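Visitor: What follows is a predicted structure for the sequence shown.
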Amino acid sequence: INCDNDRTYIEYDYENKVLKQHAGGYWSFLNESKLNTIEQTLQLDESFSYEAYQLFVDKTGNISAKEWTYIGQDNEYYIGYIYKGNIFIFGLNPRNLLLKVNTCYFFGDSITAGVGCNIPYHVHLSKWLNIKSLNYGIGSTGFVVTTTSNVEVGNGVEGKGGYQKESGDNTFLRTMQKNSNFKYCSIWGGTNDFGGSVELETFKSAVEETLDYALSITPYVVCATPIRRRGTETNSKGYTLKQYCDIIMTACKERGIPCFDGYTCLGLYPANDTNNSTFYADGLHTNNKGQKRQALGYKNYVETLFVE
């Protein structure tokens with residue numbers, strides 16, 4: 001199975017559960033041995049209870065196979081999977097595995113900060129896209145609404161945020177202005193503006209101002225609309241969450257910003273009890289399964305940032 005266009009392939013013996021990596025070229029470059037071909041044999045653990053395994057490669061070029069529920073570590077990268085004897089290698093160029101070349105700032109609310117989960121969506125994206133993801137999510141905030149309460153805050157960490165008291169000067173725009181040294185930018189939020197019953201015209205102006213500011217810093221911007229939440233269909237002003245989502249989508253479309261429809265395209269529907277218990281922690285914040293689902297849906301949009 002070809003893993004790259006230059007003399008690299010993986011051989012898998014399903015009956016004996018043995019994975020062999022044959023490497024010249026790029027994989028041997030990772031091992032700092034440019035002339036010698038490397039053959040690595042990996043005996044899969046018989047205790048694995050699944051017919052499917054994830055494939056990871058570390059910074060030295062060694063491949064490992066893990067159970068399907070395994071979460072990759074900081075020093076390894078997800079490159080594909082094995083399922084019923086078939087091996088699938090994704091198009092991740094091994095030449096980019098030594099360093100996380102690109103850094104993306106993820107602005108958002110408590111869902112981005114990591115409330116309700118251990119692994120926020122951007123951590124998955126970091127591993128899948130080989131990027132450094134910085135968490136700038138702040139709980140209870142939005143394009144308009146702010147908070148002074150003790151909320152979970154990313155503060156630019158790689159991973160889940162921690163709880164702290166906020167100043168109240170913390171809309172998405174103000175958070176960007178305080179952390180404006182970004183080339184790649186993601187904005188995912190708006191649910192708190194719905195919950196705070198922000199007037200639609202006020203919300204529209206704030207969304208447009210936020211997007212225009214981001215574009216003044218960099219052309220590499222992507223957005224996502226809020227996901228569905230459990231509870232009433234309308235807020236105190238009689239507006240639906242979908243109306244806020246439509247405003248974000250329209251503002252992005254007018255500016256040529258890729259915008260993922262998180263409201264419609266994720267299969268998240270907490271009004272259904274089974275869906276809610278599977279993907280949500282509390283009907284508003286997604287759990288680990290829900291966050292991974294968010295990452296899968298958002299992946300192609302974020303990936304467009306790094307096409308130059």
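Guide: Yep, it's here. On a predicted model such as this, the values are computed, not experimentally measured, just so you know.

Visitor: And the contacts of stretch 296-308?
Guide: Around stretch 296-308, the neighbours that count as contacts under Cβ atoms under 8 Å, 6 or more residues apart in numbering are 102, 104, 121, 124-125, 128-129, 131, 184-186, 188, 220-222, 224, 258-260, 262, 265-266. Where you see a C-beta, it was placed from the backbone N, CA and C, and this is true even at glycine.

Visitor: can you tell me the average pLDDT over that stretch?
Guide: Here stretch 296-308 scores 90 as its mean pLDDT.

Visitor: got it, and stretch 180-190?
Guide: Stretch 180-190 shows an average pLDDT of 97 in the prediction.

Visitor: what do you get for stretch 122-132?
Guide: Within the predicted structure, the mean pLDDT of stretch 122-132 is 89.

Visitor: Next: stretch 66-75.
Guide: Averaging pLDDT along stretch 66-75 yields 69.

Visitor: re earlier: filter the contacts of stretch 296-308 down to the ones in strands?
Guide: Judged by DSSP state E, strands contain the following of the contacts of stretch 296-308: 102, 104, 131, 184-186, 188, 220-222, 224, 259-260.

Visitor: Flag the shaky bits of the stretch 1-150 of the chain, pLDDT-wise.
Guide: Confidence mapping of the stretch 1-150 of the chain against pLDDT under 70 gives the ranges 1-51, 59-62, 68-69, 71-72, 74-75, 79, 83-101.

Visitor: who's V221 bridged to?
Guide: Beta-bridge partners recorded for V221 (DSSP bridges): C185.

Visitor: Distance check, it against Y81.
Guide: Using Cβ to Cβ, to the nearest Å, one obtains 31 Å as the distance from V221 to Y81.

Visitor: repeat for K242
Guide: Looking at K242 against Y81, where the rule is Cβ to Cβ, the gap reads 35 Å.

Visitor: Same check on E209?
Guide: Computed with Cβ to Cβ, the distance linking E209 and Y81 is 43 Å.

Visitor: Over to H122?
Guide: Spatial separation of H122 from Y81 under the definition Cβ to Cβ is 21 Å.

Visitor: So between those two, which is more surrounded?
Guide: Under the criterion of other Cβ atoms under 10 Å, the comparison of H122 against Y81 puts H122 first, with 31 against 17.

Visitor: Contact partners for the more buried one?
Guide: Counting by Cβ under 8 Å, 6+ apart, the residues that H122 touches are 104, 106, 112, 133, 135, 186, 295.

Visitor: now those in CSV, with secondary structure?
Guide: Converted to CSV, the contacts of H122 look like this (DSSP: H, G, I helix; E, B strand; the rest coil):
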residue, secondary structure
C104, strand
F106, strand
T112, helix
S133, strand
N135, strand
S186, strand
A295, helix
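
Visitor: neighbours around F203, how many?
Guide: Using other Cβ under 10 Å, F203 has 24 other residues around it.

Visitor: That one - that's part of a strand, no?
Guide: No: applying three-state DSSP, one finds F203 to be helix, outside a strand.

Visitor: For it, report the pLDDT, please.
Guide: F203 is given a pLDDT of 98.

Visitor: And the pLDDT for the residue lying closest to it once chain neighbours are set aside?
Guide: Using Cβ to Cβ, 6 or more residues apart in numbering and skipping the chain neighbours, the partner closest in space to F203 is D193 (5.3 Å). pLDDT, the model's per-residue confidence, is 98 for D193.
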